[in-house]
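**Q** Need a 3D model of the sequence below.
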Amino acid sequence: MSLFRKLLQKNERKGSGSTGYRSVIDNIKDDTEGAVTFLHNTANEDAVNSIINDGFLYADNLHTTADRFTRLDDISMSRWEQERNFYGPYTVVIQISNETYEKLMNNKKYAEKQLLPEHLLSVEREFNKDEGEFVYRLPNKFVKGYINRETGEFHPNPDFDPSYFDENTAQRNYSHWDFNQERVIIYKPADVSALM
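**A** Below you'll find the predicted structure:
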């Protein structure tokens, strides 16, 4: 028996369908058809609650901080859990409706500046000089909630709206986009200032 199959069986025994990667599948599988789904693991429940309340901070693009999933099957999820487990037991679920994501992805005007949908949807952008990269804040409306993979418990975000789209924010991001500019505050909720 291969090592991968042994790991898969170990996870199946550990979770018996309700914890580990199975809890992720069980909690979001029905909602992935109409949305682009990203998963992000963290070890700190306070950080997860901050993401739910204030939005998701990511560096450069969403793909560098979260994993995008097109299929939630046992093999890909088991592999994901083995690779990402050391980041912590809390899995944040981020979803953007396919309609919104594709509308922004297929817009030639935005493509000229190499803007990804998450750049257009983000409410804040700042250049981190220490890391040499931009850091963005995606609105909390795209955060479906989080899963404690140790207990299998799902904590929904009451503000979740995967179809949320603010044309003004997208236009402002487009018109103010300059890779040489170090800081762009598109929108800054009052309660976010303490995090900066």
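**Q** make it CA atoms for all contacts and neighbour counts henceforth
**A** OK.
**Q** pretty sure Pro162 contacts Val93?
**A** No. Taking Cα atoms under 8 Å as the definition, Pro162 is not a contact partner of Val93, at 11.1 Å.
**Q** Can you check which residues contact both of the two?
**A** Between them, Pro162 and Val93 share the neighbouring residues Val143, Lys144, with contact defined by Cα atoms under 8 Å, 6 or more residues apart in numbering.
**Q** Report the contact partners of Gly145.
**A** Gly145 sits next to Ile52, Val92, Val93, Ile94, Phe154, His155, Pro156, Asn157, Phe160 when contact means Cα under 8 Å, 6+ apart.
**Q** ok, 6 Å please
**A** By Cα atoms under 6 Å, 6 or more residues apart in numbering, the contact list for Gly145 reads Val93, His155, Pro156, Asn157.
**Q** what helix or strand is the second one on?
**A** Put plainly, it is His155. If you go by DSSP states H and E, His155 is part of strand 153-156.
**Q** Given that strand, what are its sheet partners and their directions?
**A** According to DSSP bridges, the neighbouring strands of strand 153-156, each with its direction, are strand 143-148 (antiparallel).
**Q** residues contacting Asp161?
**A** Lys141, Phe142.
**Q** Count the neighbours of Phe160 for me.
**A** By the criterion of other Cα atoms under 10 Å, Phe160 has 19 neighbours.
**Q** Does it belong to a helix, a strand or coil?
**A** Three-state assignment for Phe160 (DSSP: H, G, I helix; E, B strand; the rest coil): coil.
**Q** State the pLDDT value of it.
**A** pLDDT for Phe160: 94.
**Q** could you measure it against Leu62, distance?
**A** Between Phe160 and Leu62 the computed distance is 18 Å (Cα to Cα, to the nearest Å).
**Q** just His119 next, same as before
**A** Look at His119 and Leu62: by Cα to Cα, they are 9 Å apart.
**Q** Arg125 too?
**A** 13 Å.
**Q** Could you do Met105 as well?
**A** Applying Cα to Cα, the value for Met105 to Leu62 is 14 Å.
**Q** more crowded one of these two?
**A** Counting neighbours by other Cα under 10 Å for Met105 and for Leu62 shows that Leu62 has the greater number, 23 against 18.
**Q** In space, what's closest to that one - neighbours in sequence excluded?
**A** Once its chain neighbours are removed from consideration, Leu62 has its nearest residue in Glu118; the separation is 6.8 Å (Cα to Cα, 6 or more residues apart in numbering).
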